[in-house]
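J.: I'll drop the sequence and a predicted model, then ask my questions.
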Amino acid sequence: MGNANGTNKSKAPQLKQSQLDEYVGSTNFTAPEIKALYFHFGQLASDEKGELLINRSDFQSALGMKNSTFVDRLFAVFDENGDGGINFVEFLTILSVLSTKASTKDKLEVSFKIYDMDGDGVIGRDELTAMLRATV
């Protein structure tokens, strides 16, 4: 995703050192990893109401997946505040949990959220069926 002259430039402004320090302390990533993720986030995100966000369509395109219940669920889990867009903190948080450095417990909690479509703390037969159908 480059601009019109073929260069790959991020739309995101430079991270402040205080932000970088906060992210290092709250995720499983190092400072160089966070800077790289921030750059990639800026390439994917669009300016939505004065904030860089990844919308549902761009999320699907970035994953290279067809429209499905599975993509909807992944997006809903990434979009923790439910505003219809993934901001950098949400992006960083979920990638941290999905990274090889995350605990098994954290990964299982995210996996459970993907399947628990109604958020009731239980994966029902209909939810499991819907997710299994979405992945084939």
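T.: Now that the structure is in, tell me what you want to look at. Remember, it's a predicted structure, so these values are computed and weren't measured experimentally.

J.: In three-state terms, label the residue nearest the centre of the chain for me.
T.: Among the residues of the chain, the one closest to the centroid is residue 91, at 3.8 Å (CA atoms, centre = their mean). Under DSSP: H, G, I helix; E, B strand; the rest coil, residue 91 falls in the helix class.

J.: Kindly report the same for residue 47.
T.: For residue 47, the assignment made with three-state DSSP gives strand.

J.: Could you check how many residues crowd around it?
T.: Neighbourhood size, residue 47 [other CB atoms under 10 Å]: 9. To be clear about C-beta, it is placed using only N, CA and C from the backbone, and glycine gets the same treatment.

J.: Quick check: buried residues in the lengthiest strand in the chain?
T.: The residue-count maximum for a strand in the chain (DSSP state E) belongs to strand 51-55. Residues of strand 51-55 classed as buried: 52, 53, 54, 55 (neighbour count, 16 or more other CB atoms under 10 Å).

J.: Describe which strands the one helix or strand in the chain whose mean pLDDT sits lowest pairs with in its sheet and in which direction.
T.: Among the helical and strand segments of the chain, the one scoring lowest on mean pLDDT, DSSP states H and E is strand 46-48, with a mean of 86. Paired neighbours of strand 46-48 in the sheet (DSSP bridges): strand 51-55 (antiparallel).

J.: contacting residues around the strand it pairs with?
T.: 11-12, 41-42, 44-46, 48, 62, 78, 83-88, 91 (CB atoms under 8 Å, 6 or more residues apart in numbering).

J.: distance between it and the chain's centre?
T.: For strand 51-55, the gap between its own C-alpha mean and the chain's C-alpha mean amounts to 11 Å (CA atoms, centre = their mean, to the nearest Å).
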